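Asker: Quick one, fold the following:
(chains A, B, C and D, ligands or ions: 4)
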Amino acid sequence: QTDITVAIQLEPPNLDPTGGAAQAIDSVLYSNVFEGLTRFMADGSVVAGLAESWEISDDGLTYTFMLHDGVTFHDGTTMDAEDVKFSLDRARAEDSINAQKGLFADIADVMVIDPLSVAVTLTQPNGMFLFNMAWGDAVIVAPESIENIASNPIGTGAFAFTDWVQGDRLELTRNDTYWGQPAALEAATFRFISDPTAAFAAVMAEDVDAFVGFPAPENLPQFEADPRFQVLVGNTEGETILSMNNKMPPFDNVLVRQAVSLAIDRQAIIDGAMFGYGTPIGTHFAPHNPDYVDLIANSTYNPERARELLTEAGFADGFATTLKLPPPSYARRGGEIIASQLRAVGITAEISNLEWAQWIEEVFTGKDFGLSIVSHTEPMDIGIYANPEYYFQYDNAEFQALMVTLNATTDPATRSDLLAKAQTTISEDYVNGYLFQLAVPTVAKAGLNGLWLDQPTAAVDLTGVTWSQ
Amino acid sequence: MIRYIASRLLSLTLSLIAASIVIFAVIEVIPGDPASFMLGVNARADTLAALREQMGLNDPLPLRYFNWVTGMLTGDFGTSWTYKTPVADLVNDRIWVSLPLAIYALFISTIIAFPAGIIAASRRGGMGDVSIMGATQLGVAIPNFWFAMILVLIFAIKLRWFSAGGFPGWDNPFLALKSLTLPAVALALPQAAILARIMRSSLLDNLGEDYIRTARAKGLTRRQALWRHAVRNALIPVLTIIGLQFSFLLAGGIIIEQIFFLPGLGRLIFQSISARDLIVVESVVMLLVFVVIVVNFAVDLAYAAVDPRLRSRA
Amino acid sequence: MKTAMPLLQIRDLTLTIGTTEILHDVDLNVQRGQIVAITGESGSGKSMAALSIMGLLPRGAHSTGHIMLDGTDILTTSETELCRMRGNTVGMVFQEPMTALNPVQTIGDQVAETILIHENTSKTQAHKRANDMLHRVGLNVAPTRFPHELSGGQRQRVVIAMAIVKHPKLLIADEPTTALDVTTQANILTLLKDLVREFDMGLLIITHDLAVVADLADHIVVMQYGRVVESAPTPDLLANMRHPYTRALFDASRHQVDLPVHTGGVQLVHASHIVRDYPAPRKTLFGPRPKFRALDDVSFTIDRGERVGLVGESGCGKSTLTRALLGLEDVQGGTITLDGAPVFAGKKPNLSVRRKMQVVFQDPYGSFNPRHRVSRLVSEPWHLLDHPPDDPDARIAAALADVGLAASDASKYIHEFSGGQRQRIAIARALIVEPDLIIFDEAVSALDVSVRAQVLDLIADLCRKRPLAYLFISHDLTVVRSVTDRVLVMKSGKIVEQGATESVFNSPKHPYTQTLLAAAPKLPNFQEASHAADAV
Amino acid sequence: MSRSILIGASLTLVFLGLAALSFIYTPYDILSFDIPNKLLRPSVTNWLGTDHFGRDILSMIMLGARTSIAVAVLAVGIGICVGVPLGLLAAARRGSLLDELIMRGNDLVFAFPSLVIAILITAIFGPSAINAIIAIGIFNIPVFARLSRGAALPIWERDFILSARVAGKSSLRISIEHILPNITNLMIVQGTIQFSLGILAEAALSYIGLGAQPPTASWGRMLADAQTLTSIAPHTALIPGMAIVLMVLGLNLLGDGLRDWLDPRIRVARS
Ligand SMILES: Nc1ncnc2c1ncn2[C@@H]1O[C@H](COP(=O)(O)OP(=O)(O)OP(=O)(O)O)[C@@H](O)[C@H]1O
Ligand SMILES: Nc1ncnc2c1ncn2[C@@H]1O[C@H](COP(=O)(O)OP(=O)(O)OP(=O)(O)O)[C@@H](O)[C@H]1O
Ligand SMILES: [Mg+2]
Ligand SMILES: [Mg+2]
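Answerer: Ligands and ions are numbered 1, 2, ... in the order given. Down below sits the predicted model:
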């Protein structure tokens, strides 16, 4: 077998990774069709991509990238420094619709030196710059094909886009003129199945070869028991948290936030909502990251103490609040469990289930919520706690200063210390209830090798996938 | 006849205008800003504004309605905000799933319902009647999504006769029909139950009419009187139901399309509603309403073919 | 005359449906070329007897005895054989021509079907014979027409053509003319008589109209409660009437009402030049709506205490006139006044005028809300009064007593009463506000002869108690003749003749009145009949 | 009283009874979860087993019956309270502009795909039982309007209406006094049928997450929650499915039986 059918939950709304926030765009296209100057590997490390190498000036303000020679886009045009300048300038332009415009905020200027080298000047040193350039939102696109990129994506990757039957599937074929190691698979089809029942049925009926991000963890034991399938349970960058509106009473009171955190039985949530899949966390940081600090003890399940804390805070009779939930089952099921646990300590959380659009409008933009559950899947995103405008509205000057220092620091050891400090601060401030690191289950047919286990970024990288036998 | 058609056409047009106003009014008040939804969590205000401008969300409502309607009249249904492709293309892709599915389901429901209704009516009160009517009672009571779940469990997962869902395209018509079979059955059975009941009661009404007695007095057997005289008269109410069912099947497959992950119109609407892709929602709902109204019109014409009284009244 | 074996011979026919016995020991013979009439009150089992012969009894029917038709016993013959006989040996014509035909098939097809079922001929051949038969029954329209394109009389001809196209030996006709106009009825009856002579068929005709019976039949069978109470050749039966029920039946239909004389009075109703238009369906999409004129320049008067009759064919505008008189609908031209005040005053009904008139309708079953008790039904017109009376129960009891019902009936529901009783209740309802004028719109047409006689007597009685003016609408000329002082004859929305009842009936001036009177079947006198019997 | 009335009424009564009982008693409290005891098969302690949160399914069915019945009854109520007056009005003013408007309005509502509109409504106003009631109720209005108009028209032709008009009664009064009582049977029968359709519609809306919100129990949501569990714990999907089928079946049998029983033509023939 030289082709593959991979199912993922969500269909990309369009195919422009530089113009939309939807993760599904990256899931399908990242590394397969589009590449950036640097790229993520399966373990989350950042390595060279289209840039063969780079030099960083001593003040840390200028990055000079040397590009691979002989790279062409799928339409046959060459990829050179002009395309890099075009892509970066387009992403940071005034009228840019790039969803991660912040990644480019520090760029002062992009200068073409010769067709294979380009210099990027920053306004301030940024320890994360190479990391930022690995994001799917920073891939290199060409001015020739930019017009129709949303429906006909043309990149430099090992697969070329061929067809998209909206609502059903998207097809890729191998790029035989790929500049790097060519893919083993000749063709790949992505199917989009969000309904958990349909997902189960599709895998069971062997309609798909692999399902990345299988939506129903309760069915995984069945696949594990079935010799036709293999189950890979990997880590994601998704810290799943019970977010609290830090500016809205009573959550502006740290005692209340602590009480909520202690009222939650993480294990029950992981068992009940995720059927055991997921790693408990005590702060907003991925456990598989070397800089992770285990702070679970700060919020061990203790409903008696939670009730005491509430009394101390003046809410002996409890209070009522809202719990607004986006569609994924970790949120919907987790929400029901949390509501029931909170009810046990006297807090009435009224559940409302929202579609993503409404969640973004009401919770994320409108900040009209008491509690919510969401998985923050962006890699290394503890920086959001430095933004008092961010939806949970944590406003701590000390923490903000800490982040400024961190951004300007490039020394790894110092960075580790600073990150540990940051993790401890938010954990002890009980900014949010930290639940678990989202697991990403992949169900694949036996004999399929080379799929990513973890999800350092949203991607179904097929370039290294092979069938055994 | 021409006058009849003309007056029906006039009321058809008025209905379409009324429907378009209702649809536009209803859909424009949906909360949820499509621009911010598309751009997601980290969108910045200026980016949002740029997208809003680009999508024409800043025009006054009447102008937007006018543009929408005139666009539709010229075959331009606008461009999907999320898919970035013309809605007409999206619909064109999806209709080749939903339309065949609806026709297939209607076909199944009709070939089950007609014989069942006729047998039940001709053996009124007998064992056949009682068991068929019992089965239809059950058929009406079973929610089609539950039935679909059970069908998938049995025929796709356990027996693996059919695929659990998805649609391979019409390149291979056999595979395409095969993949539509389970969904069509799930949709058709409750409809067949309803249709069989209507067929039976309509036939019984007609069998009680004087003209059946006249036909019997001519020497027709009970069976001949049923087939030659009662069935055609009984078709009149049945046609209405078939028309209604067709419209229902076209749109009502939403849940079924979801369960079998078929890329049909129903799923398009469902996704578009979640994505606040208003242009798509508006246009597809309008299309469905259009189909319903046109089907009703066609049913009216079919009446005239079956019933000469209507033909000459016109 | 004694022939060997009658065409149809029914012996000891007993029929039960479920647990009720419908027919008991019925005996009946029909010879070739003979017309036998079955008569009797509604529900006496006439239709069931006919259906037994056809073998088309309703479900659950069980019959014993013998029905020998042309040498075959229907009751023991298989269904397949019966199908072969129906239409071939025996044909049947039903009462209701409006529903007896399949609405979605052409008349030609329906007649040809009888041939095609029984014979192995070509379609064209069958259609040709069907067309000939349609011509023979006097139908001169294209055989490609659909039933709804024909009038009632024309449809009945189609049904007859269908029944006799195979020249059956026996034709059964169940009330073949009840739904038709007098003139059409006369034509159909003549046609049937001619066909019997021409084809030498036996004809078994069922009718409750004794005038028709006497005029047409060679032999009469009288039924009551599922039994044959008398059966004899027509002249013999008319002369002797051995059974009291037969006598009662004939007495009732010849019943003469003893109407008190009307002495003349001041004018009560004045209708001048009334025009009533109904909008007709549009001919073109946007053109003006055409009009159908249901009342065309109608003028007449009714004096206090005067009894006026209104006769005319179905659809001539009688009921329309009723509604206009009652002020229920506005008229497009002319004026109607009651005691000088207009009956229709704008949208709001003119209550002071309304309370001087009441109405009694034809259908004793449809005239009452089945969910209300009699007391409420009867007292409904009190709505016209400014205050309801202080002693409602006594008033209701009095009104019921006036029409011969008991005060205790006030608490019953309408379904507990027979047709005649219902009509009495309708009259009680009309009387309760002591109106000056009552309109009887076909008030006795739906009643059996004997019941009708009682109700007519009741009306005459009421006239004796107090001066009561009424407009009596009927298509039955005999009845109108017996209860009115003056008569109006109406045709197509116009009054074509009016005058004192006796003079109009004795010397009609207008040709239409003349045809109407000629077409009405007349019951012979006992004397004449017995003379005729003597002569045989 | 026919067999179908008996079966239908007993099924309906069982569910009405369960719903009523749930106000004072359920075997377990469904608000507190018992996750270690999830997905238990039916047993002596939990007669119908437990769900994925360890809740007692029998208790859920009882409370779900309450939700289904409440939503369906209120939706039918909307249909009757708005639809019947509209239908009576249209019948009373037969052929007028008002009649035409009402009937065209009905056709228009019928032309809309009901499930899509229900989804839209809940998308606009947020998912909740109230919005489900409104969404289902809207589509009940034309059903009752058309039916009551259709039933009222022949009654308007009857002579007793003419008598009432001769008695000077206004058409409003006639509609209430004479027409309404004579179409009540028909409305009761149709109400039963719409009630069962309401149960199905509520289940469908809840199934796609647009009906009553947790922690309120609902059969449709139980099915949705159970749909991935069908192969590991089939009872979680079978039991709520059967509850829907039996309740709807009961109501339909009851409706059909009542129709036959109340139909005066048939009743006359029987007596
Ligand atoms: N299908 C039936 N089931 C039970 N009883 C019936 C049925 N049809 C008629 N009957 C009863 O049989 C009796 C005779 O009815 P039939 O129709 O023969 O009367 P009829 O003399 O023809 O009356 P009419 O003059 O009103 O036509 C009546 O009491 C009637 O109620
Ligand atoms: N509402 C109406 N709209 C249109 N035409 C009508 C209406 N009512 C009556 N007509 C027509 O007016 C004419 C007179 O009808 P009307 O009911 O007064 O006749 P009738 O003499 O009472 O007949 P019958 O003896 O059958 O009761 C008929 O041709 C009828 O079709
Ligand atoms: Mg009869
Ligand atoms: Mg009349």
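
Asker: What count of nearby residues applies to B:Ala302?
Answerer: Here the count is done by other C-beta atoms under 10 Å in any protein chain shown, and B:Ala302 has 17 residues near it. Placement of C-beta: from N, CA and C, glycine included.

Asker: so what does the strand or helix carrying it touch, helix or strand wise?
Answerer: Secondary structure from DSSP states H and E places B:Ala302 in helix B:278-306. Helix B:278-306 sits against helix B:2-28, helix B:61-73, helix B:87-122, helix B:231-252, helix B:265-275, helix B:308-313, helix D:97-111, helix D:114-125, with contacts defined as 3 or more C-beta pairs under 8 Å, 6 or more residues apart in numbering or on different chains; DSSP states H and E.

Asker: Packed most tightly, which of those would that be?
Answerer: Mean neighbour count, computed with mean count of other C-beta atoms under 10 Å in any protein chain shown, is highest for helix B:265-275 among the helices and strands packed on helix B:278-306, reaching a mean of 25.

Asker: tell me the mean pLDDT over that helix?
Answerer: Computed over helix B:265-275, the mean pLDDT rounds to 81.

Asker: wait, does it make contact with chain D?
Answerer: Yes: between helix B:265-275 and chain D, judged by C-beta under 8 Å from any C-beta of the partner chain, the touching residues are B:266, B:269-270, B:273-274.

Asker: Skipping adjacent residues, who's closest to the most centrally placed residue in chain C in space?
Answerer: The centre of chain C sits closest to C:Thr178, judged by C-alpha atoms, centre = their mean, with a distance of 5.0 Å. In this structure, C:Thr178 finds its nearest non-sequential neighbour in C:Gln95, 5.6 Å apart by C-beta to C-beta, 6 or more residues apart in numbering or on different chains.

Asker: The one you found in helix, strand or coil?
Answerer: coil (DSSP: H, G, I helix; E, B strand; the rest coil).

Asker: Just confirm the residue nearest to the centre of chain C is within a strand.
Answerer: No: using three-state DSSP, the assignment for C:Thr178 is coil, not a strand.

Asker: Just list the residues touching it, thanks.
Answerer: C:Thr178 makes contact with C:95, C:207-209, according to C-beta atoms under 8 Å, 6 or more residues apart in numbering or on different chains.

Asker: Now do it against B:Leu187, distance only.
Answerer: With the distance defined as C-beta to C-beta, to the nearest Å, C:Thr178 ends up 51 Å from B:Leu187.

Asker: go on, B:Leu151?
Answerer: Distance, B:Leu151 to B:Leu187, using C-beta to C-beta: 11 Å.

Asker: which one of these two has more residues nearby?
Answerer: More crowded of B:Leu151 and B:Leu187, by other C-beta under 10 Å: B:Leu187, with 29 against 21.

Asker: Just the element for the more buried one, please.
Answerer: For B:Leu187, the host element (DSSP H and E) is helix B:173-207.

Asker: Using just helix, strand and coil, how would you label the residue lying closest to A:His288 once chain neighbours are set aside?
Answerer: Excluding its sequence neighbours, the residue lying closest to A:His288 (C-beta to C-beta, 6+ apart) is A:Asn235, at 4.8 Å. The three-state assignment at A:Asn235 reads strand, by three-state DSSP.

Asker: do A:Ser352 as well
Answerer: Classified using three-state DSSP, A:Ser352 is strand.

Asker: Leaving out sequence neighbours, find the closest residue to B:Phe77.
Answerer: Per C-beta to C-beta, 6+ apart, closest to B:Phe77 is B:Val87, 3.7 Å.

Asker: next one: phi and psi at C:Phe440?
Answerer: phi -100, psi 100 (degrees, to the nearest 10).

Asker: tell me the contacts of it?
Answerer: C:Phe440 is in contact with C:359-360, C:459, C:470-474, counting by C-beta under 8 Å, 6+ apart.

Asker: go with 7 Å
Answerer: C:Phe440 makes contact with C:360, C:470, C:472-473, according to C-beta atoms under 7 Å, 6 or more residues apart in numbering or on different chains.

Asker: Quick one: these as JSON lines, columns for pLDDT, neighbour count and distance to A:Leu451 too.
Answerer: Shown next, in JSON lines, are the contacts of C:Phe440 (pLDDT from 0 to 100; neighbours: other C-beta atoms under 10 Å in any protein chain shown; distance: C-beta to C-beta, whole Å):
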{"residue": "C:Val360", "pLDDT": "89", "neighbour count": "28", "distance to A:Leu451": "91"}
{"residue": "C:Tyr470", "pLDDT": "91", "neighbour count": "28", "distance to A:Leu451": "99"}
{"residue": "C:Phe472", "pLDDT": "92", "neighbour count": "25", "distance to A:Leu451": "98"}
{"residue": "C:Ile473", "pLDDT": "90", "neighbour count": "24", "distance to A:Leu451": "93"}
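
Asker: all helices in the stretch 201-350 of chain C, in order from the N-terminus.
Answerer: Assigned by DSSP state H, counting those that start in this stretch, the stretch 201-350 of chain C shows helices spanning C:210-216, C:234-240, C:244-253, C:318-325.

Asker: Tell me where chain C is predicted with low confidence.
Answerer: C:1-4, C:281-288, C:345-349, C:524-536 (pLDDT under 70).

Asker: Now do the SS call for C:Glu198.
Answerer: With three-state DSSP as the basis, C:Glu198 sits in helix.

Asker: gap between it and C:Gln185?
Answerer: As judged by C-beta to C-beta, C:Glu198 and C:Gln185 stand 20 Å apart.
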